[in-house]
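Engineer: Sequence plus predicted model, see below.
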Amino acid sequence: MIKLVLLSLLFSQAEDLTVYEMPEVVVTATKLSLPAEASPWPVEVLESEEVTDLTDVLAQSVSADVRSYGYEGHSAFPFLGGVSASRVLVLANGVHMNSRRDGVIDLSLIPLAPGDRVEVVKGPLSALYGSSAIGGVVNVIPSKKNGVSATLGATDQMGMNAGARAAHNFGIFGARVAGSWLTNPGFRHNDDVSRYNTGAALWVSPIEALHLEVDAGYTSRELGVPGPAPDTSGTAFMPPAFGDSLVTSLYDDQADNLFTASLKTSFSPLQGFTASLAFYAVQQDFTYNWKYLGYNPDFTTYTALETDGYNDTRLGGDLQVTGTIDEFLTLAGGACIVQETFEGAQVAADSATDATLKDTTWEASDMQTGAWAEVLAKAGIFTPSAAVRLNNSAQYGIFISPEAGLSVEVIPRMLYVSAAYGQAFRAPGFNDLYWPRDCFSGGDSTLVPEKGQSTTLSATIRPFGFLKFYLAGSWKLIKDMISWSPDSAGFWRPSNVDQVTILGAEFSTNWRIADGLFSGSLGVAYNDATETRTIVTYSDWMTGQTQTAEVTRQAAFIPPLILKGNLAIRAWSGGEIATAVAWTAERINYYPDYSPYPEIGVIEKIIRPSLKLDATVSQKLFNLLTVEIGVKNLTNDQTPAHFGGLNDLDYPTAPRRFYAGLSVFY
C-alpha cells in the first residue's frame, strides 16, 4: 500500500491562491494537429524542464513501465500498456528510431533538452506510422522556444550530467543547438556509462507559405554490461563474484553510435491546403566485446575474445498532403518509402595465440513503401475520424492497417468521451529473419509480421479548469508473435506461434492550482495480460523425438498493476518541494526445467512488488537561476527492474543516491 503524506505548510503569498486554468494542449495523435481531448486514442503530454534522459520523462506516464538497467544513461526500454518495447514505436522529431535489427531503440540514446516535449499515444497507430506501432507511439518533439538554458548535476556516486540548449527565431529564420554529456561509474561491477550528444537545427520561411527545416543529431555512448561472465583473465576462465551475475547478456562492454538527419519542407499556397515533404537518414552502430571459455578437441580450454558489430542504416522519405473544407472536413494522405540495410560481423580470436576462431559477416535489407489516407470531421459535438494504410515490403509483401475513432464533446470543455478501434503490425526483425545458421541456431526468412488489434473507450472530465480526470478501458490482442524455440534436433529457430491478450484499465487525475502553487497527479494502470505459447515439453536429441504443448498463463514481464503519483508545492517565494512515487506489482517469468530430461518442465520466477520514492527541494533565484537538491529512490528499494537468467541474479534497481543541480534559463 502506498501512503502519501502531505505536509501542512503556511503560504505567505495569499494573493496567489487563485485558480489556474490549465491550457489546451494540441497534439499530433493523428497526422493532424488537434486538442488532446479530441483525439480518439488516449494521449499523454510530458515536458522536460531540465536536461534528462527520455527514460526519466517517460517514466512519469502511468501507462509506461520503463525497464532501465542502471543509472541514467544506461540501457532502458519501454513497456506501454503492457506491450513490450519492440512493439512500441519511438519517433524523434517525427523520424522512426526503432531498429530492424531487433525492433527496439534504447531510450537512453535519445537525450532531451529543456523544453522538449514527449507525446505518448496509447493505441495501434500503424494506419498512420507503419510498423512497430502495435502498443502505441512515443514522439519526442524538440523545443524551438527562444532562450538559452544550461544545467549541471552531480550525484554522490560521482555521476555527472551536464547539458545546454540555445534557440532563437530571427524573423524569417531560426536556429537551435543543443548538447549534453553524462558519465557515471555505476553501482555494480562493470556497469559504468559515458555518453555525449550534440544536435543542431535551422529553419527558414522565405515567404509565409513556405517553410524549410534541416535537423541533425549525434549520440555516442560506451558502457559496461554485467553478465553471467563479466570477467576472464587472459588465458583462463574466471567466474564472476557473487552479485555480478545479473543479466542474461554475455557481453562485457558495449559502444553505441546514433546519427540522425532530416530535411523537411512544407508549402501552403492556398488557405486550408498544405503539402509537406521530408527526407531522413538514421544510422546506428552497435559494437559488443566479450570473453568466453572455449574447448579444444583434446578438452583443453582457452579464452576467446569476440567482437560483434552491427550497422543499421535507414534512408526514407515521406510525402503528406492535407486539405480542409469549410473547417468541417479535413482530408489527409501521403506516401512513404524506406530502405533499410543491415550489416553484421562476428570476429573471435584465441586470447593467448591470436588465432582466428570465427570470422562471420552477414547482410540484410528491406525496402518498404506505403500509402495512407486519413479523414477527420467536425460535426457539432462529434469528431469522427478514420484512417487506413497499405504497406508493401520486399520481405513480407502487402499489409493493410485500418483504424476508426469517434470523440464526443458531451459538455463543452468539461466532458469528452472517445472510442477507437485499430489494427497494427510489426515487421520481423533482421535478427529473426537472417541470423547466420550454424549447428545451434538460425533465422527464418519465411516469418510474417506480428499482428495486433485494440479497442479503447476513454473519457476526460474537467469539472474545473485546474482539475482533470481521465479514465479508460482497453482490449488488445497480439497474434503471430515471434519466439525462438528448439526443434527435434535441438536447433533453435524463430516462428510465428504465440499471442497475448491484454485487458487494461487506467485512471488518472491532474491538478494545478494558483499557477503551480499546488500541483500534482495520481494514476493507476491495470493490465490483465494472458499469453498463449507453444512450448517444448519433451525433447530427446539422441532420437530426434520432440513434443510440444500449447499453454495459456499470465504473461511474462507485465505487472498487473502500476500506481504513480507526484506532488509539487511552492512552499515559499521561489521555492518548491516535490515528490514522486511509483509502485509496481509483482512480475513473473518462465524458464525451461531440463532436470527431468528428456522431459522439459517449467520453472516460474517472481519479482516482488517494488516502491520507488524521489524527493527534491529547489529554489529559483533572480528568475534566472534554479538550485536543486534531492534524493532518488529514497527508500533504497533495489527490487530488480528486469529478470536475469534462471540461475543468475536479477537486475536490481539503482540504489539511493543524493544529487544536486544548477540550472540557468534565460
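Structural biologist: Alright, I've got the coordinates.

Engineer: Show me which residues of the helix or strand encompassing Ser276 are buried.
Structural biologist: Following DSSP states H and E, one finds Ser276 within strand 273-295. Applying a neighbour-count criterion of 16 or more other CB atoms under 10 Å, the buried positions in strand 273-295 are 274, 276, 278, 280, 282-288, 290-292, 294. C-beta here means a position set from N, CA and C on the backbone, and glycine is covered the same way.

Engineer: which stretches of the chain aren't confidently modelled?
Structural biologist: Low-confidence segments of the chain (pLDDT under 70): 1-30, 33, 50-51, 226-251, 488-490, 516, 648-649.

Engineer: List the pairing partners of the helix or strand that the strand holding Ser276 is followed by within its sheet, with orientation.
Structural biologist: Heading C-terminal from strand 273-295, the first helix or strand you meet, by DSSP H and E, is strand 301-325. Strand 301-325 has the following sheet partners, assigned by DSSP bridges: strand 273-295 (antiparallel), strand 329-350 (antiparallel).

Engineer: Need those in TSV (columns: distance to Met158).
Structural biologist: As requested, the strands paired with strand 301-325 are arranged in TSV below (distance: least, CB to CB, whole Å):
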stretch	distance to Met158
strand 273-295	24
strand 329-350	34
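
Engineer: between those strands, which gets nearest to Leu621?
Structural biologist: Nearest to Leu621, of all the strands paired with strand 301-325, is strand 273-295, at 40.8 Å by CB to CB.

Engineer: so how far is the closest one from its chain's centroid?
Structural biologist: 15 Å (CA atoms, centre = their mean, to the nearest Å).

Engineer: and what of stretch 336-348?
Structural biologist: For stretch 336-348, the distance between its averaged C-alpha position and the chain's averaged C-alpha position is 21 Å (CA atoms, centre = their mean).

Engineer: Can you tell me what sits against it?
Structural biologist: The contact list for stretch 336-348 (CB atoms under 8 Å, 6 or more residues apart in numbering) reads 96, 100-101, 130, 304-319, 356-371, 430, 436.

Engineer: and those residues, which are buried?
Structural biologist: The neighbour-count criterion (16+ other CB under 10 Å) marks 96, 100-101, 130, 304-306, 308-314, 316, 318, 362, 364, 366, 368, 370, 430 among the contacts of stretch 336-348 as buried.

Engineer: Buried residues, the helix or strand hosting Gln499. List them.
Structural biologist: Following DSSP H and E, one finds Gln499 within strand 492-513. Residues of strand 492-513 classed as buried by neighbour count (16+ other CB under 10 Å): 493-502, 504, 506, 508-513.

Engineer: got it, and stretch 401-415?
Structural biologist: Residues Ser401, Pro402, Glu403, Ala404, Gly405, Leu406, Ser407, Val408, Glu409, Leu415 are the ones in stretch 401-415 that count as buried (16+ other CB under 10 Å).

Engineer: Out of these, name the two that are farthest from one another.
Structural biologist: Taking every pair in these and measuring CB to CB, the maximum separation is 30.5 Å, between Ser401 and Leu415.

Engineer: Most remote residue from the middle of the chain, which is it?
Structural biologist: Asp298 (47.6 Å; CA atoms, centre = their mean).

Engineer: OK, contacts around it?
Structural biologist: Under the criterion of CB under 8 Å, 6+ apart, Asp298 has no neighbours.

Engineer: Check the gap between it and Ile588 for me.
Structural biologist: For Asp298, the distance to Ile588 under the criterion CB to CB, to the nearest Å works out to 44 Å.

Engineer: again with Asn139
Structural biologist: Distance check for Asn139 against Ile588: by CB to CB, it reads 31 Å.

Engineer: okay, these two: which has more neighbours?
Structural biologist: Using other CB atoms under 10 Å, the more surrounded residue of Asn139 and Ile588 is Asn139, with 21 against 17.

Engineer: quick one: that one and Leu91, what's the gap?
Structural biologist: Counting by CB to CB, the separation of Asn139 from Leu91 is 4 Å.

Engineer: Next: Val417.
Structural biologist: 28 Å.

Engineer: out of these two, which sits in the busier spot?
Structural biologist: A direct count of neighbours by other CB under 10 Å for Val417 and Leu91 places Leu91 higher, at 21 against 17.

Engineer: surely the more buried one meets Leu128?
Structural biologist: No: no contact is recorded between Leu91 and Leu128 when judged using CB atoms under 8 Å, the distance being 11.0 Å.

Engineer: returning to that earlier point: mind exporting the C-alpha coordinates of the strand holding Gln499 to CSV?
Structural biologist: Written as CSV, here are the backbone C-alpha positions of strand 492-513 (Å, rounded to 0.1, in the frame of the first residue of the first chain):
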residue,chain,number,x,y,z
TRP,A,492,16.9,-23.1,-32.3
ARG,A,493,14.8,-21.1,-34.8
PRO,A,494,12.1,-18.4,-34.6
SER,A,495,8.5,-18.9,-35.6
ASN,A,496,5.1,-17.1,-35.5
VAL,A,497,3.5,-19.1,-32.8
ASP,A,498,2.5,-17.0,-29.8
GLN,A,499,-0.2,-14.5,-28.8
VAL,A,500,-1.0,-12.2,-25.9
THR,A,501,-4.4,-10.8,-24.8
ILE,A,502,-4.4,-7.7,-22.5
LEU,A,503,-7.5,-6.3,-20.8
GLY,A,504,-6.5,-2.9,-19.4
ALA,A,505,-7.9,0.0,-17.4
GLU,A,506,-6.4,3.3,-16.4
PHE,A,507,-7.4,6.2,-14.2
SER,A,508,-5.5,9.4,-13.5
THR,A,509,-6.1,12.8,-12.2
ASN,A,510,-4.1,16.0,-12.6
TRP,A,511,-4.4,19.3,-10.8
ARG,A,512,-2.7,22.7,-10.9
ILE,A,513,-3.8,25.4,-8.6
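
Engineer: After it, which helix or strand is next?
Structural biologist: For strand 492-513, the succeeding helix or strand toward the C-terminus, using DSSP H and E, is strand 518-540.

Engineer: Could you list the buried residues of that next one?
Structural biologist: 518-527, 529, 531-533, 535-537, 539.

Engineer: what angle separates that strand from strand 492-513?
Structural biologist: 170 degrees (axes from the mean of the first three to the mean of the last three CA atoms, to 10 degrees).

Engineer: Around Val120, count how many other residues there are.
Structural biologist: Other residues within reach of Val120, judged by other CB under 10 Å, total 26.

Engineer: Now do the host helix or strand of it: which elements does it pack against?
Structural biologist: When elements are assigned from DSSP H and E, Val120 belongs to strand 117-121. Strand 117-121 sits against strand 43-47, helix 54-58, strand 136-141, with contacts defined as 3 or more CB pairs under 8 Å, 6 or more residues apart in numbering; DSSP states H and E.

Engineer: I'd like these as CSV, with distance to Thr446 appended.
Structural biologist: Compiled in CSV, those are given as follows (distance: least, CB to CB, whole Å):
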stretch, distance to Thr446
strand 43-47, 37
helix 54-58, 35
strand 136-141, 29
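
Engineer: of those, which approaches Phe469 most closely?
Structural biologist: Counting by CB to CB, Phe469 lies closest to strand 43-47 out of the helices and strands packed on strand 117-121; the figure is 13.9 Å.

Engineer: my guess is Glu374 contacts Leu128, does it?
Structural biologist: Yes: taking contact to mean CB under 8 Å, the distance of 6.7 Å between Glu374 and Leu128 places them in contact.

Engineer: Among those two, which residue is more densely surrounded?
Structural biologist: Leu128 (25 against 22).

Engineer: contacting residues for that one?
Structural biologist: In this structure, Leu128 makes contact with Thr30, Lys31, Trp372, Glu374, Ala387, Arg389, Glu403, judged by CB under 8 Å, 6+ apart.

Engineer: Okay, and which of those map to helices?
Structural biologist: Under the assignment DSSP state H, the contacts of Leu128 contribute nothing to helices.

Engineer: Narrow the residues you listed to just the buried residues.
Structural biologist: Neighbour counting by 16+ other CB under 10 Å classes Thr30, Lys31, Trp372, Glu374, Ala387, Arg389, Glu403 among the contacts of Leu128 as buried.

Engineer: Cheers, nothing more for now.
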